[in-house]
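In: no sequence for this one, just the structure:
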Ligand SMILES: NC(=O)c1ccc[n+]([C@@H]2O[C@H](COP(=O)([O-])OP(=O)(O)OC[C@H]3O[C@@H](n4cnc5c(N)ncnc54)[C@H](O)[C@@H]3O)[C@@H](O)[C@H]2O)c1
Ligand SMILES: N[C@H](C(=O)O)[C@H](O)COP(=O)(O)O
């Protein structure tokens, strides 16, 4: 079997097109199709001085990706693209590429989708409410989703994703904790092939609430949810103080960390592995991985963007495809 990946090139003014052109310079053990405007890709290749022969995607038998060429599913941009300069008129194009990738995976024309970064702000400026791929994929596949970032020997999963900090405490409900942990546990077992995974759960408050003296969410919400899940056999630690649970000596004891909000877990992970990590969406009926960084507008077209995380995202997608192919119960 030759795994078939589709890559969305993300925000056209950002480094997404650069990453696609850079990745195309090597042989890869999969078929690769980039969903993007082919003029944007050829212009970016020219700017970077990298050789690239674009081919049009066709329904022929799968073939391994070969250096210097790239199969493209062409989606036209609405306005010409200048590297580094956002244009809200191209927001619909960005979402169109995601819709095509979801469609390709849902209909089994592709085995997984890998996403280059989008710019959340410019999509909202186009009048489209958008908080991130994770939430968008969840809505379009009608599935619950969990954000996981992996890197630096850590897997960090999130109870809440792109939520203003002021709204986090109200979102920490027993129902949410239970639902997310069940998905994480299921996917660790079936997609990562980890037997009886150990998940370390962070508290919400400093020092996990200090026995209720620094906040009560741990006692009132998190502990009862964990206790209920432990009855089903899940191996859960916590709620633990978030400031010490990332202690390198303790990290070896868990397979995954579950934090309550975005910046409780991701700064530590990105400090350990920025540019080499991967973002994986759990809980979906399809496989989706992504880079661990954003659009880096100032680097677009300069040749200074590091494609390390894009390569990690491709490798992670291939690992998940292999594990899922061997284990049909991995499908959510
Ligand atoms: N997967 C995604 O779609 C994704 C992920 C994170 C951020 N974003 C979005 O990207 C936009 C910009 O976010 P930001 O400025 O906070 O983060 P950013 O990751 O774009 O940039 C942070 C810093 O890292 C550098 N950097 C980022 N990627 C790099 C690479 N591949 N090689 C070398 N240096 C790199 C940048 O130059 C900058 O100095 C925001 O709209 C944000 O929401 C999207
Ligand atoms: N939270 C992610 C990060 O910090 O890398 C990023 O915003 C991308 O999220 P989506 O995959 O939901 O777009």
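Out: Great, that's in hand. In this text the structure is predicted, and so the values were computed from the model without any measurement. Ligands and ions are numbered 1, 2, ... in the order given.
In: got the buried residues for stretch 296-303?
Out: 296-297, 299-301 (16 or more other CB atoms under 10 Å). For every residue, glycine as well, the C-beta is placed using N, CA and C.
In: and if you look at stretch 54-74?
Out: 54, 57, 65, 70-73.
In: got the contact list for that stretch?
Out: 2, 4, 6, 20-21, 24-38, 41-42, 51-53, 100, 104 (CB atoms under 8 Å, 6 or more residues apart in numbering).
In: next one: that stretch to chain centre, how far?
Out: The chain centre lies 24 Å from the centre of stretch 54-74; the measure is CA atoms, centre = their mean, to the nearest Å.
In: can you give me the end-to-end span of it?
Out: End-to-end span of stretch 54-74 (CA to CA, to the nearest Å): 10 Å.
In: cool, and stretch 298-312?
Out: 22 Å.
In: again, but for stretch 192-207
Out: 31 Å.
In: relative to the whole chain's centre, how far out is it?
Out: When C-alpha coordinates are averaged (CA atoms, centre = their mean), stretch 192-207 and its chain have centres 19 Å apart.
In: just read off the phi/psi values of the residue in the chain that ligand 2 sits nearest to.
Out: Across the chain, no residue is closer to ligand 2 than residue 132, which sits at 2.9 Å (CB to the nearest ligand atom). According to degrees, to the nearest 10, the main-chain angles of residue 132 amount to phi 170, psi 170.
In: need the residues that contact stretch 97-113.
Out: 3-10, 33, 35-36, 73, 75, 115, 118, 133, 136-137, 140-141, 285-289, 317-318, 320-321, 325.
In: same deal with stretch 179-189?
Out: Residues contacting stretch 179-189 (CB under 8 Å, 6+ apart): 144-146, 148, 155, 157, 159, 194-197, 199, 201, 225-226, 229, 234, 236, 255-256, 258, 282-283, 330, 332.
In: and what of stretch 309-324?
Out: Contacts for stretch 309-324 (CB under 8 Å, 6+ apart): 3, 5, 7, 19-20, 22-23, 28-30, 32, 111-116, 150-151, 190-193, 275-280, 287-293, 330-331.
In: could I get the pLDDT score of residue 21?
Out: For residue 21, the model assigns a pLDDT of 98.
In: that older thread, buried only: go through the contacts of stretch 179-189 for me.
Out: Judged by 16+ other CB under 10 Å, buried ones among the contacts of stretch 179-189: 145-146, 148, 155, 157, 159, 197, 199, 201, 225-226, 229, 234, 236, 255-256, 258, 282-283, 330, 332.
In: about what we covered before: just the ones in strands from the contacts of stretch 179-189, please.
Out: Counting by DSSP state E, the contacts of stretch 179-189 place 146, 148, 155, 157, 199, 201, 236, 256, 258, 282 in strands.
In: residue 210: which of the residues you listed is nearest?
Out: residue 201 (16.6 Å; CB to CB).
In: residues contacting the nearest residue to that closest one once chain neighbours are set aside?
Out: Excluding the flanking residues, the one nearest residue 201 by CB to CB, 6 or more residues apart in numbering is residue 238, at 3.6 Å. Listed by CB under 8 Å, 6+ apart, the contact partners of residue 238 are 200-203, 208, 222, 226, 245.
In: for residue 71, give its distance to residue 317.
Out: Separation of residue 71 from residue 317 (CB to CB, to the nearest Å) stands at 16 Å.
In: so the residue nearest to residue 201 sits in a strand?
Out: Yes. Residue 238: assigned to a strand according to DSSP: H, G, I helix; E, B strand; the rest coil.
In: centre-most residue in this protein?
Out: For the chain, residue 279 is the residue whose C-alpha lies nearest the centre (CA atoms, centre = their mean; 3.1 Å).
In: from residue 257, how far off is that residue?
Out: In terms of CB to CB, residue 279 sits 15 Å off from residue 257.
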